[in-house]
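Peer 1: Sharing a model prediction with you, sequence too.
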Amino acid sequence: MKPIIQETALEPMFSRRFLYTLIIPLIIEQVLMVSIGMADTVMIASAGESAVSAISLVDSITILIVQLFAAFATGGAVVASQYLGNRDNASANAAAKQLILLSLLVSIFLLILCMPFRRQIISFIFGSIETSVLEGGATYFIYILLSLPFLAAYNASAALFRSMGNSKISLWVSLVMNLVNVAGNAYFIFALHLGVIGAGLGTLLSRIIGSAIILALLTNPTNQISVRNYRHWSLRWDMIKRILHIGIPNGIEGSVFQIGKLLVQGFIAAFGTASIAANAIANSVASFVNIPGGAIGLASITVIGQAVGAKRPDQAVFYGKRLLFAAYIAMIIVAIPVFIFAPKIVLIFNLSAEATELASNVIRSAMIFSSLLWPTAFSLPNFLRAAGDAKFTMVVSMVSMWASRVGMSYLLAILFGWGIYGVWFGMYIDWIFRSICFITRFARGKWKTKRII
């Protein structure tokens with residue numbers, strides 16, 4: 001669906017209906033992904049603890065790779081959105097094809113590089129682990145690596161549809177992918193008893209089907225962005241440079257963020273099983289509450305990007321404030337009932353009394369700080385990226401992660417003896433630092449000069 005674009009400075013660029021039809025499917029898609037992920041975990045658990053451990057270890061590695069694809073997709077979406085805002089559909093089409101080509105080349109390179117060394121990669125990152133877990137992880141890693149080109153193509157294409165304002169396509173294709181994944185896991189694990197191989201086959205099959213569908217839909221000539229021909233490819237370094245202008249800082253930022261999170265999780269492991277379990281449950285519950293803010297952050301790539309591409313910084317500011325307000329309202333609406341019913345929600349997971357109390361307290365603190373800080377810490381930087389100000393967000397995020405989250409978590413949790421509470425309050429300090437930096441940057445308006453087309 002095309003946005004309603006007005007010429008006068010007084011009229012908004014986008015209709016309210018356009019914003020609703022962009023954001024709501026993104027929220028549903030995020031809820032779907034979290035829910036299906038939990039269903040996958042339940043099915044895989046039937047294959048035994050070693051299978052669960054093997055898959056969880058490999059998944060924690062592949063998160064770093066997925067961050068890289070997401071970074072390229074964001075870079076391509078920003079470039080395409082700015083071209084659309086400038087009403088240069090031909091350049092948007094060219095940028096789209098370069099994004100897909102770049103994503104495929106990088107994914108194939110990683111596939112070739114990692115396949116022979118998958119055991120060594122697992123051992124290097126996680127040290128000495130049980131042989132059954134290592135072998136299971138190495139086997140599962142084969143199918144994950146084979147699926148990378150399809151995942152890269154899907155991520156790039158989904159980002160392009162979002163840059164057009166058509167988030168319904170990525171929602172429906174994501175629904176198909178997740179249903180295929182669940183059905184495949186059920187068949188391969190329960191019927192054929194293939195264990196980690198079954199889990200890997202389910203993932204590979206779902207990504208092949210999802211990428212095929214969305215690449216076919218992207219050829220529709222009625223789209224604002226359309227890739228008419230997949231047979232002829234050529235590198236256009238001018239376009240790739242623009243994509244990487246956003247993609248490289250975003251990729252570095254995402255990778256460093258994930259590494260920092262893994263390190264902080266290592267602090268929690270020292271506090272015992274109750275803290276580990278409480279932290280896992282609190283993260284799961286908090287991820288649901290953050291979904292509206294995350295969806296609005298994705299939508300802002302389209303809205304802010306097109307406004308900047310149209311050389312309308314006034315509209316970018318207007319919609320930035322509007323989207324930030326919407327993120328706050330949506331997250332508060334979700335956080336209030338979770339805060340009230342936190343003890344009852346935790347009881348569902350059948351934890352020990354100690355873990356239940358820890359999880360309830362952490363969840364309640366998370367609801368307060370998420371409502372106050374999460375939109376400015378994580379939705380607002382997407383506004384800056386959409387304008388082309390990706391280097392600033394990268395620097396702030398890296399400094400904040402290591403100085404605030406990692407440093408303060410160690411100080412509060414280890415040195416001051418606050419345990420799991422210290423880790424979470426270290427994270428809240430990270431959010432405060434990010435929020436101050438991003439609010440100041442947005443208010444001063446330097447990001448308005450970072451347009452990349």
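Peer 2: Thanks, I have the structure now. Residues are numbered from 1 along each chain as shown.
Peer 1: where exactly do the helices run in the stretch 251-400 of the chain?
Peer 2: Assigned by DSSP state H, counting those that start in this stretch, the stretch 251-400 of the chain shows helices spanning 273-289, 291-309, 313-340, 342-347, 353-374, 380-386, 390-399.
Peer 1: now swap in the stretch 51-200 of the chain and tell me
Peer 2: Counting by DSSP H, counting those that start in this stretch, the stretch 51-200 of the chain has helices at residues 89-114, 118-126, 131-163, 167-185, 196-217.
Peer 1: coming back round to it: the helices of the stretch 251-400 of the chain: which one's closest to residue 435?
Peer 2: Nearest of the helices of the stretch 251-400 of the chain to residue 435, taken as CB to CB: helix 353-374 at 5.3 Å. (Each C-beta comes from the backbone N, C-alpha and C, glycine too.)
Peer 1: So, low pLDDT: which residues of the stretch 201-350 of the chain?
Peer 2: Low-confidence segments of the stretch 201-350 of the chain (pLDDT under 70): 269.
Peer 1: ok so, going back, most tightly surrounded among the helices of the stretch 51-200 of the chain?
Peer 2: Compared across the helices of the stretch 51-200 of the chain, helix 131-163 shows the largest average neighbour count, a mean of 23 (mean count of other CB atoms under 10 Å).
Peer 1: Now residue 407: closest residue in space that isn't a chain neighbour?
Peer 2: Closest residue in space to residue 407, ignoring its immediate chain neighbours: residue 426 at 7.6 Å, by CB to CB, 6 or more residues apart in numbering.
Peer 1: and the gap between that neighbour and residue 348?
Peer 2: 27 Å (CB to CB, to the nearest Å).
Peer 1: Compare those two and say which is more crowded by neighbours.
Peer 2: Each of residue 426 and residue 348 has its neighbours counted (other CB atoms under 10 Å); residue 426 has more, 22 against 9.
Peer 1: ok, the more buried one - contacts?
Peer 2: Counting by CB atoms under 8 Å, 6 or more residues apart in numbering, residue 426 makes contact with 264, 404, 405, 406, 407, 408, 409, 410, 411, 412, 413.
Peer 1: Next one: it relative to residue 410, how far apart?
Peer 2: Here residue 426 is placed at a distance of 8 Å from residue 410 (CB to CB).
Peer 1: ok and the strand or helix carrying residue 431 relative to helix 390-399, angle-wise?
Peer 2: Element membership of residue 431 [criterion: DSSP states H and E] is helix 420-444. Interaxial angle of helix 420-444 relative to helix 390-399 (axes from the mean of the first three to the mean of the last three CA atoms, to 10 degrees): 160 degrees.
Peer 1: how about helix 420-444: buried residues?
Peer 2: Neighbour-count burial for helix 420-444 flags 420-435, 437-438, 441-442 (criterion: 16 or more other CB atoms under 10 Å).
Peer 1: ditto for stretch 390-397
Peer 2: By 16+ other CB under 10 Å, the buried positions in stretch 390-397 come out as 390, 391, 392, 393, 394, 396, 397.
Peer 1: Report all helices and strands that the one helix or strand residue 246 maps to contacts.
Peer 2: In this structure, residue 246 sits in helix 237-269 according to DSSP H and E. Judged by 3 or more CB pairs under 8 Å, 6 or more residues apart in numbering; DSSP states H and E, the packing partners of helix 237-269 are helix 49-85, helix 89-114, helix 273-289, helix 390-399, helix 420-444.
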